[in-house]
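# I would like to see how this sequence folds:
(one chain, ligands or ions: 1)
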Amino acid sequence: MTTAVEVPATGGSGGRTAVAARAEALVKSYGSGETRVLALDEVSVDVEQGVFTAIMGPSGSGKSTLMHCLAGLDTVTSGRIWVGETEITGLKDKKLTRLRRDRIGFIFQAFNLLPTLNALENITLPMDIAGRKPEKEWLERVIATVGLADRLKHRPAQLSGGQQQRVAVARALAARPAIIFGDEPTGNLDSRAGAEVLGFLRRSVDDLGQTIVMVTHDPVAAAHADRIVFLADGRIVDEMRKPTADAVLDRMRGFDGQGRVS
Ligand SMILES: Nc1ncnc2c1ncn2[C@@H]1O[C@H](COP(=O)(O)OP(=O)(O)OP(=O)(O)O)[C@@H](O)[C@H]1O
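Modelled structure (predicted):
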């Protein structure tokens with residue numbers, strides 16, 4: 001289960017927001033000396049619980065790095081990260097692996113399904129590996145939410161790209177993770193299938209209370225989110241609530257070649 005830290009809402013008038021994850025003064029650099037790249041430069045951000053957040057920004061702005069650090073897939077140079085109430089910076093490998101397995105779900109651009117297993121077996125595979133029994137009612141709700149009830153016996157090759165990604169979404173949801181991270185989850189889909197998958201992600205937030213963080217370049221995809229965090233040059237430079245594709249496009253056009261917002 002998700003345990004939320006209650007923290008003062010930023011910029012609010014004393015209201016409180018449940019936070020599913022938090023980064024504080026996060027710095028990530030690669031290499032050293034003249035070849036040092038500062039991928040994240042003092043990034044502080046709260047991932048709000050039950051909210052669909054998109055991370056956008058020019059190529060090289062640090063989107064994937066931020067997502068990987070928040071998900072405990074990458075180490076940080078300095079700064080702190082919490083998932084729920086657990087500080088993950090400084091956790092030993094074994095504990096971090098367990099936390100990732102139990103609390104975090106992933107959806108990647110590639111669907112990463114096992115070809116010899118059917119849809120249902122793919123959905124429950126991570127839990128089977130972890131030796132956890134899926135909660136039947138929850139699993140049924142997840143499968144209904146992503147519209148896969150009549151496809152459970154199909155193997156990946158018998159499913160369209162959009163359906164395969166829906167299996168990946170259901171797989172991520174099945175273990176009731178605190179957060180699902182998506183790295184361009186619709187990047188391999190045509191616009192119709194992409195819209196369908198985004199619709200299911202949206203439903204999982206609205207109907208199941210899931211927290212989602214998605215990296216995307218696509219303003220139309222980002223418009224499905226509740227909130228967009230804009231990165232440029234390794235810093236958070238802007239934020240948008242209740243985005244529309246047009247408003248996002250306008251904002252993206254505002255980035256100059258240096259990654260700054262003009
Ligand atoms: N393993 C690495 N070694 C060296 N530099 C890296 C490494 N990973 C990322 N970088 C650099 O860190 C910066 C941020 O990269 P990141 O992949 O987070 O950006 P991004 O916004 O996700 O880019 P894109 O939209 O092109 O995927 C870039 O300058 C990149 O070249």
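
# Residue 41: helix or strand, and which one exactly?
strand 37-48 (DSSP states H and E).

# Is that strand positioned near the ligand?
Yes. Counting by Cβ under 6 Å from any ligand atom, the ligand is contacted by strand 37-48 at 37, 39. Heads up, the C-betas are built off the backbone N, CA and C, glycines and all.

# Any buried residues in that strand, and which?
By neighbour count on 16 or more other Cβ atoms under 10 Å, the buried set for strand 37-48 is 38, 39, 40, 41, 43, 45, 46, 47, 48.

# roughly how far out does it sit from the chain middle?
15 Å (Cα atoms, centre = their mean, to the nearest Å).

# which outside residues touch it?
7, 10, 17-31, 53, 62, 65-66, 69-70, 76, 79, 179, 211, 213, 227, 229, 231, 233-236 (Cβ atoms under 8 Å, 6 or more residues apart in numbering).

# of the buried residues of strand 37-48, closest to the ligand?
residue 39 (3.4 Å; Cβ to the nearest ligand atom).

# nearest residue to that closest one other than its sequence neighbours?
residue 65 (4.3 Å; Cβ to Cβ, 6 or more residues apart in numbering).

# Would you mind measuring the gap between the ends of stretch 177-185?
Stretch 177-185 stretches 17 Å from its first residue to its last (Cα to Cα, to the nearest Å).

# Please read the previous query as pertaining to stretch 65-77.
12 Å.

# Spell out whether that stretch and the ligand are in contact.
Yes. Contact between stretch 65-77 and the ligand, assessed by Cβ under 6 Å from any ligand atom, occurs at residue 65.

# quick revisit: after the strand holding residue 41 comes which helix or strand?
strand 52-56.

# so what strands line up beside that next one?
strand 212-215 (parallel), strand 227-232 (parallel) (DSSP bridges).

# Let's have these in a markdown table, adding mean pLDDT and distance to the ligand.
Output for the strands paired with strand 52-56, formatted as a markdown table (pLDDT from 0 to 100; distance: least, Cβ to the nearest ligand atom, whole Å):
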| stretch | mean pLDDT | distance to the ligand |
| --- | --- | --- |
| strand 212-215 | 96 | 6 |
| strand 227-232 | 96 | 6 |
